[in-house]
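Peer 1: Sequence and predicted structure below; questions after.
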Amino acid sequence: MESAQQRLESKLKQNDNGCLEWQRHRNPYGLIKVNGKMMGAHRLAWEIKNGEIPDGLFVLHKCDNPACCNTDHLFLGSQKDNMQDALKKGRMKLPYCPPEKKARGTMNGMWINRHKFTGSNNTNSKLSDDQRNELCDLKRSGVTTKKLAHQFSICEEQVLRIARSRGITGRPLKQTEKQ
């Protein structure tokens with residue numbers, strides 16, 4: 001029976017970037033069964049070359065290719081290192097904090113930096129910035145909120161929120177009878 005190292009090496013293929021890509025099951029990381037347990041192929045490659053991975057550390061990719069098992073492209077780091085690497089390389093958008101969990105005031109910077117969490121910067125956004133602009137143009141031209149909600153597959157209240165954020169009143173102003 002072949003060893004884990006032989007099975008790993010037999011299922012790798014080098015690409016143009018120098019990555020040794022795992023050619024079997026992925027999630028998007030390569031997965032290999034060792035001693036009856038599934039593990040990341042890149043983690044096995046690291047352990048074969050460098051020994052056991054210390055507790056609390058992860059095997060990170062310099063090349064940003066999750067299927068890569070080239071140990072020259074791998075390094076150890078904490079979860080914080082992984083998140084900072086992803087932000088620095090543009091693989092991650094700023095997190096969205098729902099209103100019910102938002103810290104009040106300016107404690108967490110969400111209010112001061114609110115422009116960073118709107119439109120396409122919001123990971124939960126259903127509409128691109130171009131779609132939001134189109135929605136506002138249609139709203140200005142008199143298309144009803146109900147039709148816009150159906151057209152863009154969002155609720156009517158969201159149409160009104162987008163319109164208000166762009167300075168378009170969603171509902172006609174109530175006229176007072178007092179004069």
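Peer 2: Received the coordinates, thanks. Residues are numbered from 1 along each chain as shown.
Peer 1: for the protein, what spans make up the strands?
Peer 2: Using DSSP state E, the strands of the chain run over 12-14, 20-22, 31-34, 37-40, 58-61, 74-77.
Peer 1: for the ones you listed, which one ends up most surrounded?
Peer 2: Comparing these by mean neighbour count (mean count of other Cβ atoms under 10 Å), strand 20-22 comes out on top with a mean of 23. All C-beta atoms are positioned from the backbone trio N, CA, C, and that covers glycine.
Peer 1: Could you name the helices and strands sitting against that one?
Peer 2: Packing partners of strand 20-22 (3 or more Cβ pairs under 8 Å, 6 or more residues apart in numbering; DSSP states H and E): strand 12-14, helix 41-50.
Peer 1: mind putting the strands of the chain in JSON lines, mean pLDDT and distance to Asn50 included?
Peer 2: Listed next are these as JSON lines, based on pLDDT from 0 to 100; distance: least, Cβ to Cβ, whole Å:
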{"stretch": "strand 12-14", "mean pLDDT": "88", "distance to Asn50": "17"}
{"stretch": "strand 20-22", "mean pLDDT": "88", "distance to Asn50": "15"}
{"stretch": "strand 31-34", "mean pLDDT": "87", "distance to Asn50": "16"}
{"stretch": "strand 37-40", "mean pLDDT": "89", "distance to Asn50": "14"}
{"stretch": "strand 58-61", "mean pLDDT": "92", "distance to Asn50": "9"}
{"stretch": "strand 74-77", "mean pLDDT": "93", "distance to Asn50": "8"}
